[in-house]
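Participant: From the sequence below, what's the structure:
(one chain, ligands or ions: 2)
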Amino acid sequence: AEETLRRRERLAALGEMAAGIAHEIRNPLGVVTSSVQLLESRLPDLKDNQRRLLQIILEEIGRMNRLIGDFLRFSRPAQPHLVETDLAAFLRDRLDQIAPMAAEAGVEIRQELPGQPVPVWIDGELMQQAFLNLLLNALEASEKGDSLLVGLDLRNDQAVTAIRDSGGGIAAEDLPLIFNPFFTTKEGGTGLGLANAHRIIESHNGQLTVAANPDRGTTFTVKLPLQPPDQE
Ligand code: ADP
Ligand code: MG
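Facilitator: Residues are numbered from 1 along each chain as shown. Ligands and ions are numbered 1, 2, ... in the order given. Take a look at the predicted model:
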């Protein structure tokens, strides 16, 4: 037991160090970004292919920044600050947020949300991260003509949100792995989106589960308690 404790402490210390380094890498990346932007503006006679190279540098730095951001959110989980929130309105806001991307991808968004408020106790900032990860994954798996359905129901003192896409789906052998940190099948993916979403939802005493649709695509289900946290 002492061995595992020491091991856990060592891992925690390593994680803390990695998070510290990740944080410090952001500063030089910021300097590189603004230098490249300055260089581009100071060199008006750039050829197209030269301008393209500068764009590639900026894009790849953007990718590194996203990876570091995901890693930091994952390694330093925030304690949720719970506020009573209407989940139906919250979901409508998230759908408004992704509407431009869905339109661009040619994906139709359908909502089955109750007209009356559905009060839950959530940390809006953290829960927004969790739901955006699920919704953006759904869009990324979708093709033109696919649809994305977001439904909300009340069941046994829980608010049950279903996010159903008609996209490419998840291979059966991948299903048990998708919540693991760093598991990704995407080029340039971080594999931290679902791990983060899972942890955020569990920290709200909720559950995040996944199932393949019988026809096509995937459904993620988020269950959140309806009672205030002290009454559980
Ligand atoms: P990332 O999006 O960076 O790959 P995530 O943790 O968000 O990391 O997702 C992990 C993996 O789970 C994805 O790479 C993909 O293979 C799979 N996945 C997640 N959501 C969906 C979905 N709606 N449809 C198909 N595959 C999905
Ligand atoms: Mg993702």
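Participant: all contacts plus neighbour counts: C-alpha atoms, from now on.
Facilitator: Will do.
Participant: On the three-state scheme, the residue nearest to G206 when sequence neighbours are not counted is what?
Facilitator: Nearest non-adjacent residue to G206, counting by CA to CA, 6 or more residues apart in numbering: L224, 4.5 Å away. Three-state call for L224 (DSSP: H, G, I helix; E, B strand; the rest coil): strand.
Participant: L224: neighbour count?
Facilitator: 23 (other CA atoms under 10 Å).
Participant: quick one: contacts for it?
Facilitator: Contacts for L224 (CA atoms under 8 Å, 6 or more residues apart in numbering) come out as 120, 158-160, 201, 204-207.
Participant: and S41, that one's in a helix?
Facilitator: Yes - assessed by three-state DSSP, S41 belongs to a helix.
Participant: Residue numbers of the chain in contact with ligand 2?
Facilitator: 137, 193 (CA under 5 Å from the ion).
Participant: Show me where the chain has its strands.
Facilitator: 83-86, 108-112, 119-122, 147-155, 158-165, 207-212, 218-225 (DSSP state E).
Participant: hey, which helix or strand in this structure has the poorest pLDDT?
Facilitator: helix 2-42 (a mean of 86; mean pLDDT, DSSP states H and E).
Participant: Check which helices and strands that one is in contact with.
Facilitator: helix 48-75 (3 or more CA pairs under 8 Å, 6 or more residues apart in numbering; DSSP states H and E).
Participant: center of this protein, which residue is that?
Facilitator: N133 (2.4 Å; CA atoms, centre = their mean).
Participant: Report how many residues lie close to the closest residue to it other than its chain neighbours.
Facilitator: Nearest non-adjacent residue to N133, counting by CA to CA, 6+ apart: G193, 5.5 Å away. Residues lying near G193 (other CA under 10 Å) number 28.
Participant: State whether G193 and L72 are indeed in contact, as I suppose.
Facilitator: No - contact criterion CA atoms under 8 Å: G193 and L72 do not qualify, at 12.0 Å.
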